[in-house]
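1. missing the sequence, but the structure's below:
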């Protein structure tokens, strides 16, 4: 060992990746059909998450998450799906895209402590700013209600944001 100063080493931990994101998935495919289609591309599928359309549970949202037992199995499947897609592999006439799924991260507690607004969805046609204010005022002082205006050619906006003076009021409204 010499008397030279040591260089600082930086260490970055890598995420264990064993979950794939599939895009452009046919909306009428079931988990069982998707599993049957994907199994020839790689062993080790643990779970398939195929989120449903909120307004039509018989259809999915056009994407899926597929979890594999190990990184190696997930990587092998990812590469096979990519190569197959380049060669024209399709599921029910759709070319599926594949990427590593990004891990879900929890929001920073300091940032969340500052949030004083709630998101309200599935509002009936006749709801107004004033009717929302009356509905949510029992939970605390409201600073504003925002209902995005409908733009020409777009479907009706059925959501709003209710802003409270204090976070505790917003949390009380969520708890109901």
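-> The structure has been received and is ready for your questions. All figures in this text were calculated on a predicted structure; none of them were measured in a lab.
2. what strands flank the strand or helix carrying residue 48, and is each parallel or antiparallel?
-> Applying DSSP states H and E as the criterion places residue 48 in strand 45-49. Applying DSSP bridges, strand 45-49 is found paired with strand 63-68 (antiparallel).
3. pLDDT of the strand it pairs with, averaged?
-> Here strand 63-68 scores 95 as its mean pLDDT.
4. can you tell me the centre-most residue of the chain?
-> residue 104 (8.3 Å; Cα atoms, centre = their mean).
5. run through the chain and note the low-pLDDT ranges.
-> Where the chain drops to pLDDT under 70, the residues are 1-16, 156.
6. got the angle for the lengthiest helix in the chain vs strand 63-68?
-> For the chain, the helix that runs over the most residues, judged by DSSP state H, is helix 71-86. Put simply, helix 71-86 runs at 140 degrees to strand 63-68, going by axes from the mean of the first three to the mean of the last three Cα atoms, to 10 degrees.
7. sort out which residues of helix 71-86 are buried, please.
-> Residues of helix 71-86 classed as buried: 73, 74, 75, 76, 77, 78, 80, 81, 82, 84, 85 (neighbour count, 16 or more other Cβ atoms under 10 Å). For every residue, glycine as well, the C-beta is placed using N, CA and C.
8. mind checking how far the closest residue to the third one other than its chain neighbours is from residue 41?
-> What that stands for is residue 75. Excluding its sequence neighbours, the residue lying closest to residue 75 (Cβ to Cβ, 6 or more residues apart in numbering) is residue 17, at 7.8 Å. Applying Cβ to Cβ, to the nearest Å, the value for residue 17 to residue 41 is 17 Å.
9. look at those two and report which has more neighbours.
-> Counted by other Cβ atoms under 10 Å, residue 17 and residue 41 do not tie: residue 41 has more neighbours, with 19 against 16.
10. from residue 94, how far out is that one?
-> Relative to residue 94, residue 41 is positioned 15 Å away (criterion: Cβ to Cβ).
11. also residue 145?
-> Counting by Cβ to Cβ, the gap from residue 145 to residue 94 is 41 Å.
12. hmm, residue 50 is touching residue 60, no?
-> Yes - in this structure, residue 50 is within contact of residue 60 by Cβ atoms under 8 Å, at 4.7 Å.
13. shared neighbours, the two?
-> 25, 29 (Cβ atoms under 8 Å, 6 or more residues apart in numbering).
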